[in-house]
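Participant: A predicted structure for the sequence below; I have some questions about it.
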Amino acid sequence: MKKIKHLWVNMPLASKIRYSYIVVILPILIIMGFFVVALTHQNKRYNEIINAAGSASEFSLDFKKDFDYETYLVIVENKSYEESELETMLNEATRVVDSLDAKTDISSDNAARLEDVRKYLNNLRTYTHRIRDNLKDGDKYEDNIEIWENDVQIVTGLVRETILQFIYYEIQDMQQVRTEMQSFYEKGFSYLFLAALAILALVILISFNLSQSITRPVRELSRVTERVAGGDLSVRVKLNTGAELGVLSRSLDEMIERINNLISQVRTEQENLRVAELELLQAQINPHFLYNTLDTIIWLAEAGDQSKVVSMVGSLSDFFRASLGQGRDIVTIGEEMKHVNSYLEIQQVRYQDILTYSIDVPREIYGSKIPKITLQPLVENALYHGIKNKRGGGCISITGKIESECIYLYIEDNGIGITQERLEQINRKKNAGEKTETQADAGGNREEGEIFGLYNVNKRIRLKFGQRYGIHVDSEYGKGTVVTVLLPYEITSGETAVIAED
């Protein structure tokens with residue numbers, strides 16, 4: 001390919017023009033050849049159907065009436081069998097069927113109909129021979145009449161009906177071929193029109209290429225500057241012609257390199273800011289969980305239930321050991337499941353009369369990445385804003401699945417649910433652009449604090465993985481709420497965690 005390109009670039013202009021003519025004329029010849037072959041095929045098929053229908057018309061449509069009457073004359077001995085036209089009529093019918101068979105596609109239904117007609121004619125020959133033999137043996141008029149009524153007339157009727165079906169379907173095939181030819185002509189004109197446009201485009205392309213061979217250095221500089229303006233800083237000028245153009249190309253390359261370095265520096269600074277914001281959002285969530293857990297421990301201590309206090313302090317210790325260990329902001333889903341399980345164990349002690357929970361997340365996604373303490377705020381919202389506001393007990397379930405290289409985690413509760421107006425407000429405020437307002441509202445009341453927690457989780461996921469991912473809230477008032485967490489399926493090698501056994 002490189003050799004062809006090199007030859008084209010260095011080819012004389014006159015040779016380029018000659019080869020351009022060949023490139024333009026060759027597609028026209030190919031298209032014309034295709035249409036000639038296609039039209040020949042369609043015309044051949046059409047002629048075959050017409051010939052078959054014409055041959056079928058040679059089969060006397062009065063065959064039944066004539067053959068039945070001729071047979072009856074033989075039976076009543078008005079004619080002898082040798083004087084009758086029965087053999088002639090059968091031979092002529094067989095000839096017509098044989099000629100049709102040679103013109104009919106062996107895979108078509110009409111071929112089977114011709115085979116049926118051939119069998120019927122053989123049967124008629126058998127019946128007439130039986131009548132002839134009966135006449136030779138003596139007076140068997142009643143036997144011959146029975147053969148004529150029960151066999152001959154029925155079979156001649158089948159012959160007539162089958163031949164009529166053959167003609168009908170041949171005519172139907174003729175109409176179909178005619179329709180296909182008409183459609184082919186219509187499509188052919190469309191294709192010719194498109195081909196003309198393509199050839200016109202090819203002519204224009206070749207003309208541009210020829211002109212480019214003269215003005216290529218200027219066009220190359222223009223192309224590079226346009227790509228740089230479009231944001232592509234990997235392009236470089238490759239010109240070795242002319243002193244002025246050489247200086248211009250080197251200066252342009254140096255400018256592109258400096259711009260690239262500046263953009264890399266700005267990108268690094270933005271990444272540092274993003275990490276700082278991620279750490280700030282993480283810090284806003286951890287105390288939220290700690291305060292609620294300490295409230296629960298205080299309540300149990302006041303109730304004098306020391307064993308549960310010890311159990312909850314142990315669960316809290318396990319949680320923060322994993323949460324604060326190694327200073328990581330990103331953990332595996334397995335570790336996050338352990339966090340949530342510890343949290344739910346603590347909360348179930350406090351709300352044992354109204355709270356049950358279940359976790360059913362496939363183990364194959366336990367090694368995938370997730371921002372630390374992503375699910376716990378969502379579970380906390382399900383408890384405080386869903387289960388506690390409903391009469392009677394409630395259940396929180398955490399499930400997950402892998403679909404299209406994405407992980408879907410579902411936090412579902414059967415609590416009081418959310419009104420449609422409130423749901424729209426939550427989904428609107430949790431997205432980008434609501435941060436300042438939401439933070440201000442968070443300190444004002446519990447409901448806005450709920451939005452703030454959802455905003456933090458959604459923001460942290462998007463900061464890490466991109467705008468495609470995050471959370472979505474669905475709810476029906478009086479029935480419950482489902483929060484969907486969408487994450488990329490990214491396995492962290494060597495890092496897995498499982499939920500601690502109860």
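Facilitator: Received the coordinates, thanks.

Participant: please identify the helix or strand for residue 291.
Facilitator: Per DSSP states H and E: residue 291 is located in helix 243-303.

Participant: can you give me the buried ones in stretch 131-146?
Facilitator: 131-132, 134-135, 140, 144 (16 or more other C-beta atoms under 10 Å). Where C-beta positions appear, they are placed from N, C-alpha and C, glycine not excepted.

Participant: I meant stretch 26-34, not that one.
Facilitator: So stretch 26-34, judged by 16+ other C-beta under 10 Å, has buried residues residue 31.

Participant: can I get that stretch in CSV, CA atoms only?
Facilitator: Presented in CSV, the C-alpha positions along stretch 26-34 are these (Å, rounded to 0.1, in the frame of the first residue of the first chain):
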residue,chain,number,x,y,z
LEU,A,26,-14.4,0.6,-14.7
PRO,A,27,-17.3,0.9,-12.2
ILE,A,28,-19.7,1.9,-15.1
LEU,A,29,-18.7,-1.3,-17.0
ILE,A,30,-19.2,-3.4,-14.0
ILE,A,31,-22.7,-2.0,-13.3
MET,A,32,-23.7,-2.4,-16.9
GLY,A,33,-22.5,-6.0,-16.9
PHE,A,34,-24.4,-6.7,-13.7
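
Participant: quick one: contacts of it?
Facilitator: 191-192, 195, 198-199, 202 (C-beta atoms under 8 Å, 6 or more residues apart in numbering).

Participant: do that again at 6 Å, thanks
Facilitator: Identification of contacts with stretch 26-34 by C-beta atoms under 6 Å, 6 or more residues apart in numbering yields residue 195.

Participant: stretch 144-162 too?
Facilitator: Contacts of stretch 144-162 (C-beta under 6 Å, 6+ apart): 64, 67-68, 71, 75, 113, 116-117, 120, 123-124, 127, 131, 134.

Participant: go again using 8 Å as the cut-off
Facilitator: Taking C-beta under 8 Å, 6+ apart as the rule, stretch 144-162 contacts 61, 63-64, 67-68, 71-72, 75, 93, 113, 116-117, 120-121, 123-124, 127-128, 130-131, 134-135.

Participant: looks to me like residue 232 is in a helix.
Facilitator: No. With DSSP: H, G, I helix; E, B strand; the rest coil as the criterion, residue 232 is assigned coil and is not in a helix.

Participant: just give me the least confident of the buried residues of stretch 131-146.
Facilitator: Lowest pLDDT among those: residue 140, with 78.

Participant: could you check how far the closest residue to that one other than its chain neighbours is from residue 149?
Facilitator: Leaving out its chain neighbours, the residue that sits closest to residue 140 by C-beta to C-beta, 6 or more residues apart in numbering is residue 134, at 4.0 Å. Distance from residue 134 to residue 149, counting by C-beta to C-beta, to the nearest Å: 14 Å.

Participant: do you know how far residue 160 is from residue 167?
Facilitator: Applying C-beta to C-beta to residue 160 and residue 167 gives a distance of 11 Å.

Participant: and if you look at residue 69?
Facilitator: Counting by C-beta to C-beta - residue 69 and residue 167 are separated by 23 Å.

Participant: quick one, which of those two is more surrounded?
Facilitator: residue 167 (18 against 10; other C-beta atoms under 10 Å).

Participant: what sits closest to residue 348 if chain neighbours are left out?
Facilitator: Nearest to residue 348 is residue 355, by C-beta to C-beta, 6+ apart, at 5.3 Å.

Participant: what's the offset of the helix or strand containing residue 185 from the middle of its chain?
Facilitator: Take DSSP H and E as the rule and residue 185 turns out to sit in helix 153-229. From the chain centre to the centre of helix 153-229 is a distance of 27 Å (C-alpha atoms, centre = their mean, to the nearest Å).

Participant: now the helix or strand hosting residue 459: buried residues?
Facilitator: Using DSSP H and E, residue 459 falls within helix 446-465. Buried residues in helix 446-465, counting neighbours by 16+ other C-beta under 10 Å, are found at 448-465.

Participant: just checking, next helix/strand downstream of that helix?
Facilitator: Following helix 446-465 in sequence, per DSSP H and E, is strand 470-476.

Participant: which residues touch that next one?
Facilitator: Residues contacting strand 470-476 (C-beta under 8 Å, 6+ apart): 378, 417-418, 423, 426-427, 430, 454, 457-458, 461-462, 481-486.

Participant: give the ChimeraX command for selecting the buried subset of these.
Facilitator: Buried members of the contacts of strand 470-476, defined by 16+ other C-beta under 10 Å, are picked up in ChimeraX with:
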select :378,417,418,423,426,427,430,454,457,458,461,462,481,482,483,485,486
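
Participant: so which of the contacts of strand 470-476 are in strands?
Facilitator: Using DSSP state E, the members of these that fall in strands are 481-486.

Participant: check contacts around the nearest residue to residue 454 once chain neighbours are set aside.
Facilitator: The spatially closest residue to residue 454, leaving aside those adjacent along the chain, is residue 430, at 4.4 Å (C-beta to C-beta, 6+ apart). Contact analysis of residue 430 by C-beta under 8 Å, 6+ apart lists 438, 451, 454-455, 458, 471, 473.

Participant: same question, residue 123
Facilitator: Contacts of residue 123 (C-beta under 8 Å, 6+ apart): 151, 155.

Participant: and residue 468, by the same measure?
Facilitator: Counting by C-beta under 8 Å, 6+ apart, residue 468 has contacts residue 486.

Participant: again, only this time at 7 Å
Facilitator: If you count contacts by C-beta atoms under 7 Å, 6 or more residues apart in numbering, residue 468 has none.

Participant: tell me the pLDDT at it?
Facilitator: pLDDT, residue 468: 90.

Participant: from residue 462, how far off is it?
Facilitator: Taken as C-beta to C-beta, the span from residue 468 to residue 462 is 8 Å.

Participant: on that earlier part again, would you turn the ones in strands among the contacts of strand 470-476 into a markdown table with distance to residue 406?
Facilitator: Formatted as a markdown table, the ones in strands among the contacts of strand 470-476 follow (distance: C-beta to C-beta, whole Å):
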| residue | distance to residue 406 |
| --- | --- |
| 481 | 21 |
| 482 | 17 |
| 483 | 16 |
| 484 | 11 |
| 485 | 10 |
| 486 | 6 |
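
Participant: pLDDT and distance to residue 182 added to those residues, as TSV?
Facilitator: Putting the ones in strands among the contacts of strand 470-476 into TSV (pLDDT from 0 to 100; distance: C-beta to C-beta, whole Å) gives the following:
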residue	pLDDT	distance to residue 182
481	94	61
482	95	57
483	95	60
484	95	54
485	95	59
486	95	53
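
Participant: between the residues you listed, which sits nearest residue 220?
Facilitator: Top of the list for closeness to residue 220, among the ones in strands among the contacts of strand 470-476 and by C-beta to C-beta, is residue 486 at 45.0 Å.

Participant: identify the bridge partners of the closest one.
Facilitator: For residue 486, the beta-bridge partners are residue 408, residue 470 (DSSP bridges).

Participant: next one: residue 228 from residue 253, what distance?
Facilitator: 10 Å.

Participant: meant to ask about residue 63
Facilitator: From residue 63 to residue 253 the distance is 93 Å (C-beta to C-beta).

Participant: the more surrounded of the two?
Facilitator: More crowded of residue 63 and residue 253, by other C-beta under 10 Å: residue 63, with 20 against 15.

Participant: got the contact list for that one?
Facilitator: 89, 93, 156, 159-160.

Participant: who wins for neighbours among those?
Facilitator: Most crowded among the contacts of residue 63, counting by other C-beta under 10 Å, is residue 159 at 24 neighbours.

Participant: sweet, I'm off.
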